[in-house]
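Asker: Below: sequence and its predicted model.
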Amino acid sequence: RGVVRVGDYGGGLGPAFVHLIHPVRNLRQLDYRVVDTPRMCAMGARLFAGDKRIGFSPDLPALDADIAYMNSALQYFSDYAAALRKLCGRRPAYVLLARLGAGNVQTFATAQMNVPGSVIPYWVFNEGEILALLAALGYRLLYRSTTSWSYDLTNLPPECRLSGTVNMLWGRDEDG
C-alpha cells in the first residue's frame, strides 16, 4: 500500500533498520527515520550515506510515521509521559515498545551504572501506568509478550525487581 514510514526513537546507529532490511534485500518501499542525539545522528548519517531508505534526526516531534518504535529507550527520558505524548502526537497507526522495563512494581527512577565513568538515570515502570497512558492517548493494546532480558536489579529490594522486560504493540483506537 505504498511507502511504510517507521520512526525509531532512540534508535542509535540504526541496527533495527539492518535487521528489518536484511531478510528482504529489495525492500524499496520503506522510509525509516531514526531519532536520537545529534552525535548519533551524524554518525548514522555517515554510516548509511547513499541509502535513501534511512535518515537520522534529533527532532522527536517532527517525525511522521506509520509505526513509532522504541526499543529499550523510554526509560532514559526524564519526562517519559511527555515523550510518549510526543511519540503519539502525530497519531501513528502503531506504537511498538520493545524491551520496556515494566512490571508489577511502582514506577521509580534508579541509576544505571554499567557504563564506566557514568551514572545514567533509568526509569523502571509500573506496567499499568504505561497501559493507562497509552489508552488515554487513544491506543489499544494489540499484542504483549515478555522477555527474560533485564538489567541486574538484584541490589534493589525485591518489590522493585523485574524478571524481564515486556514488548507491547499498540494500535490507534479509531473510536478514541
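Answerer: That came in fine, so what should we check first?
Asker: Next, work out how far apart the residue lying closest to G55 once chain neighbours are set aside and R85 are.
Answerer: In space, and not counting its chain neighbours, G55 is closest to R33: 5.2 Å by CB to CB, 6 or more residues apart in numbering. Quick note: C-beta positions are derived from backbone N, CA and C, even for glycine. From R33 across to R85, the span is 19 Å (CB to CB, to the nearest Å).
Asker: And P23, by the same measure?
Answerer: 34 Å.
Asker: What about the closest residue to W123 other than its chain neighbours, how many residues nearby?
Answerer: Of all residues beyond its chain neighbours, the one nearest W123 is Q75 (4.3 Å), with distances taken as CB to CB, 6+ apart. Neighbour count of Q75, defined by other CB atoms under 10 Å: 23.
Asker: quick one, phi psi at Q75?
Answerer: Main-chain dihedrals, Q75, degrees, to the nearest 10: phi -70, psi -10.
Asker: if I pick it, what's in contact with it?
Answerer: With contact taken as CB atoms under 8 Å, 6 or more residues apart in numbering, Q75 is in contact with 100-101, 122-125.
Asker: try it again with 6 Å
Answerer: By CB atoms under 6 Å, 6 or more residues apart in numbering, the contact list for Q75 reads 101, 122-123.
Asker: did I read that right, A83 in a helix?
Answerer: Yes. Judged by DSSP: H, G, I helix; E, B strand; the rest coil, A83 forms part of a helix.
Asker: Local confidence estimate at the nearest residue to E127 once chain neighbours are set aside?
Answerer: Nearest in space to E127, with sequence neighbours left out and distances taken as CB to CB, 6+ apart, is A102 at 4.2 Å. In this model, A102 is scored at 96, pLDDT.
Asker: now A102: how far from G2?
Answerer: Taking CB to CB as the measure, A102 falls 33 Å from G2.
Asker: more crowded one of those two?
Answerer: A102 (24 against 7).
Asker: quick one, what contacts A109?
Answerer: 121, 123.
Asker: Parallel or antiparallel, which strands does the helix or strand where it lies pair with?
Answerer: In this assignment (DSSP states H and E), A109 forms part of strand 108-112. Using DSSP bridges, strand 108-112 pairs in its sheet with strand 120-126 (antiparallel).
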